[in-house]
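K.L.:
Sequence and computational prediction follow.
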Amino acid sequence: MKEKAIIEISEEVQKALSSGTPVVALESVGTFKGIEYPQNVEIAQALENIVRRGDAVPATIAMIGGKIKVGITNEEIEYLGSNSVNIARVSRKDMPIIAAIGGDGAMSVSAALSVACACGIKIFATGGIGGVHKTQSLYLDISQDLDVMRKYNMLVVCAGFKPIMDIGNTLEKLETQGVPVLGYKTERVPSFYSSSSDYEVDYRLDSTSDIAAVYKSKLSLGTEGAVIVVNPVSEEFSMEEKLIAKIIDKALKKCESLGITGKKVTAFVEEQIDKETNGHSRETHEQLLFSNARLATEIAKNLV
């Protein structure tokens, strides 16, 4: 099955691509599978509004009725949000299956990024990306996101790596794949809920025009792969890194004792973080999503 055969680009996104209007791709799994209804709908709409207020066009990517939608309506946002418990979590390997059975799904980074690139979109905003899991010592678990970052020429704006990832090993993997990690106004890689970590970015850049110039330079050189831009959550919403690390370690030990493995680990750990922080992590998550959408929109205007 060819991916392009099941892709439906909305009229708004298609017009923007044809006219050279900036377009920002938005993944849907972090919103529709990571946040409960009705907050997921409110956040999805807020993200789209942020992009539009920045004079760009949002392209939220999801699957409905077996079709990959690049750009969805408010009605479709409501549909996905209200059915979030029942829709699939779609990674790149899941796309042909969900398409064949006519299913609905929220698209992960690996799936949405590959679709966005196929449609000619240049920039992608998300919460955090996957990498080498902290459970690597127990069993092999490396996110599909890293393989996609190696293949697709996309600017990816994120708040670092998802909380369960081993930052050091993930950075080593990206180094091997030739994928640069740029820090927007930071020398340190943020650790999702926290604005910093012990690890350094490859380069710090303080302007969106410089970030866009790096991407254009990479394209002109013909090198494959993404450019990752890490954008720390503001200090106002940043959480203590050591606290989050302690909660994660405790949650992973519970996973081991309960026999929780694979995709279920991430969901379990996120639930534990939410519980142990009395919901503070949810607010931080929302704010970093908004911040990444704003930054991606500003960069997108320098790409046209």
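P.N.:
Sure, I can see it. Just so it is clear, the model here is predicted, and its values are computed rather than measured.

K.L.:
right, and the helix or strand after the longest strand seen in the chain?
P.N.:
Scanning the chain for the strand with the most residues, using DSSP state E, yields strand 57-64. Downstream of strand 57-64, the first helix or strand assigned by DSSP states H and E is strand 67-70.

K.L.:
Packing partners of that next one?
P.N.:
When contacts are defined as 3 or more CB pairs under 8 Å, 6 or more residues apart in numbering; DSSP states H and E, strand 67-70 packs onto strand 7-9, strand 57-64, helix 95-100, helix 109-118. For glycine as for every other residue, the C-beta is placed from the backbone atoms N, C-alpha and C.

K.L.:
what helices or strands is the first one leaning on?
P.N.:
Under the contact criterion of 3+ CB pairs under 8 Å, 6+ apart, strand 7-9 touches strand 67-70.

K.L.:
residues of the strand it packs on that come out buried?
P.N.:
68, 69, 70 (16 or more other CB atoms under 10 Å).

K.L.:
The first one against residue 8, yeah?
P.N.:
Yep, that's residue 68 we're talking about. Yes: at 6.7 Å, residue 68 and residue 8 qualify as touching, with contact defined as CB atoms under 8 Å.

K.L.:
Convert the C-alpha atoms of the helix or strand harbouring residue 247 to PDB, please.
P.N.:
Using DSSP H and E, residue 247 maps to helix 241-258. The C-alpha coordinates for helix 241-258 follow below in PDB (Å, rounded to 0.1, in the frame of the first residue of the first chain):
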ATOM      1  CA  GLU A 241      14.500  17.800  36.900                       C
ATOM      2  CA  LYS A 242      15.600  15.600  39.900                       C
ATOM      3  CA  LEU A 243      12.000  15.300  41.100                       C
ATOM      4  CA  ILE A 244      10.800  14.100  37.700                       C
ATOM      5  CA  ALA A 245      13.800  11.700  37.400                       C
ATOM      6  CA  LYS A 246      13.000  10.200  40.800                       C
ATOM      7  CA  ILE A 247       9.300   9.700  39.900                       C
ATOM      8  CA  ILE A 248      10.300   8.000  36.600                       C
ATOM      9  CA  ASP A 249      12.800   5.600  38.200                       C
ATOM     10  CA  LYS A 250      10.100   4.600  40.700                       C
ATOM     11  CA  ALA A 251       7.600   4.100  37.900                       C
ATOM     12  CA  LEU A 252      10.000   2.000  35.900                       C
ATOM     13  CA  LYS A 253      10.600  -0.300  38.800                       C
ATOM     14  CA  LYS A 254       6.800  -0.700  39.200                       C
ATOM     15  CA  CYS A 255       6.700  -1.600  35.500                       C
ATOM     16  CA  GLU A 256       9.300  -4.300  35.900                       C
ATOM     17  CA  SER A 257       7.500  -5.800  38.900                       C
ATOM     18  CA  LEU A 258       4.100  -5.700  37.200                       C
END
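
K.L.:
With mean pLDDT and distance to residue 226 as extra columns, can I get the helices and strands packed on strand 67-70 in a markdown table?
P.N.:
Shown next, in a markdown table, are those (pLDDT from 0 to 100; distance: least, CB to CB, whole Å):
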| stretch | mean pLDDT | distance to residue 226 |
| --- | --- | --- |
| strand 7-9 | 96 | 20 |
| strand 57-64 | 98 | 16 |
| helix 95-100 | 95 | 19 |
| helix 109-118 | 95 | 8 |
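
K.L.:
Deepest in the core, which of those is it.
P.N.:
Comparing these by mean neighbour count (mean count of other CB atoms under 10 Å), strand 57-64 ranks first with a mean of 27.

K.L.:
for it, packing partners?
P.N.:
Checked by 3+ CB pairs under 8 Å, 6+ apart, strand 57-64 has helix 11-19, strand 23-26, helix 39-53, strand 67-70, helix 74-82, helix 95-100, strand 105-107, helix 109-118 packed alongside it.

K.L.:
so which of those gets nearest residue 288?
P.N.:
helix 39-53 (11.4 Å; CB to CB).

K.L.:
and the helix holding residue 247, average pLDDT?
P.N.:
Helix 241-258 shows a mean pLDDT of 90.

K.L.:
Check the gap between the residue nearest to residue 276 when sequence neighbours are not counted and residue 188 for me.
P.N.:
Spatial nearest neighbour of residue 276, excluding adjacent residues (CB to CB, 6 or more residues apart in numbering): residue 247 at 4.6 Å. Distance, residue 247 to residue 188, by CB to CB, to the nearest Å: 21 Å.
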